[in-house]
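Engineer: Show me the folded form of this:
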Amino acid sequence: MPAHEAMPLVRAGAQRALEIDPMLPEAHAMLGIVAGVYDYDWKEAERLFRLAMARDPVPPLVHSWYGYFFLLLLGRVGNAVEETERSLQEDPLNLMSRMVLAHCLSAAGRYEDSCTECRRILEFDENHWGGYLILAVNLLSRERSSEALALAEKAYSLSPWNTLSIAVFAAALRRGGDSIRAEEVLQPLRNTPQAYGAPRGLALFHLFFGEFDQTAQWLEKSIEQRDPYAPIWFTFLRSFGSSAGSSDHVPKLAKMMNLPDRG
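Structural biologist: Numbering: from 1, shown residues only. Next up is the predicted model:
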């Protein structure tokens, strides 16, 4: 569902929950997510997350959401890792929170630790597409393309509808020298570039190859869609730091989302 349709429903649902229980932490946190990744109002997001965490005990999911949808995006990557680890101390079987931790570890450049979390996910659920996907992303980021290909193909086979799975599998194919097959896999995104979620996949695909002009072009379109993945993948572009091309685009994209241009 496009963000412009989904986020007003999320906001309405959370506000209804607060009418029933004005102190419900998850509702305040959910409103904080909407304020951040949809409104790009990070001060309001911080206020709402503080309300969500005002009383002990703080629910594990709130720690996870605070780390992933606020701290990570504001460039406070180390704090994001701490919050997601805190979430798993209380809820170690939550695989979505483990995915969040794996993603935060990747953003921190701790690829081996992130891979360890992905393997833990797959120990719990051998068909968890997210575990395969983030593991493949980590290996591609470390130039371990031959290992990444089988994992990316597995993620794609389990979630062929997912634009990120499409992008990662196509990138792994191209890295492995099979550019023709890579373009075949990527074709659904190429054919419908205005479809919700397509820009996020195309941005990620080009990011793997240091094609920063194309990455920025598709991230801009993703921001226009208010795709919640846009600020998340921006953190990875930002992590390239002074790489040629990356630094040219970061300030403009950061301004569009009211985010700092560096961590």
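
Engineer: which element is the one residue sitting closest to the centre of the chain on?
Structural biologist: Among the residues of the chain, the one closest to the centroid is I232, at 4.3 Å (Cα atoms, centre = their mean). Using DSSP states H and E, I232 falls within helix 229-238.

Engineer: after that helix, next one along is what?
Structural biologist: Next along the chain after helix 229-238, taking DSSP H and E as the criterion, comes helix 246-257.

Engineer: Which elements pack onto that next one?
Structural biologist: If you count contacts as 3 or more Cβ pairs under 8 Å, 6 or more residues apart in numbering; DSSP states H and E, helix 246-257 packs onto helix 212-224, helix 229-238. From N, CA and C alone the C-beta is placed, and that goes for glycine too.

Engineer: Just name the most buried of those helices.
Structural biologist: Burial of the helices and strands packed on helix 246-257 is given as mean neighbour count (mean count of other Cβ atoms under 10 Å); helix 229-238 ranks first at a mean of 22.

Engineer: Show me what it is packed up against.
Structural biologist: helix 25-37, helix 95-107, helix 198-207, helix 212-224, helix 246-257.

Engineer: Now render the helices and strands packed on helix 246-257 as TSV, adding distance to R120 and mean pLDDT.
Structural biologist: What follows is those, written out as TSV (distance: least, Cβ to Cβ, whole Å; pLDDT from 0 to 100):
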stretch	distance to R120	mean pLDDT
helix 212-224	30	95
helix 229-238	21	89
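
Engineer: So for P188, which of those sits nearest?
Structural biologist: helix 212-224 (14.6 Å; Cβ to Cβ).

Engineer: and the angle from the closest one to helix 198-207?
Structural biologist: Helix 212-224 runs at 160 degrees relative to helix 198-207, counting by axes from the mean of the first three to the mean of the last three Cα atoms, to 10 degrees.

Engineer: name the helices or strands packed onto helix 212-224?
Structural biologist: Partner elements for helix 212-224 (3+ Cβ pairs under 8 Å, 6+ apart): helix 198-207, helix 229-238, helix 246-257.

Engineer: Try it again at 6 Å.
Structural biologist: helix 198-207, helix 246-257 (3 or more Cβ pairs under 6 Å, 6 or more residues apart in numbering; DSSP states H and E).

Engineer: Go ahead and measure how far the shortest one is from the middle of the chain.
Structural biologist: Right, the one you point to is helix 198-207. Mean-position distance between helix 198-207 and its chain equals 12 Å (Cα atoms, centre = their mean, to the nearest Å).
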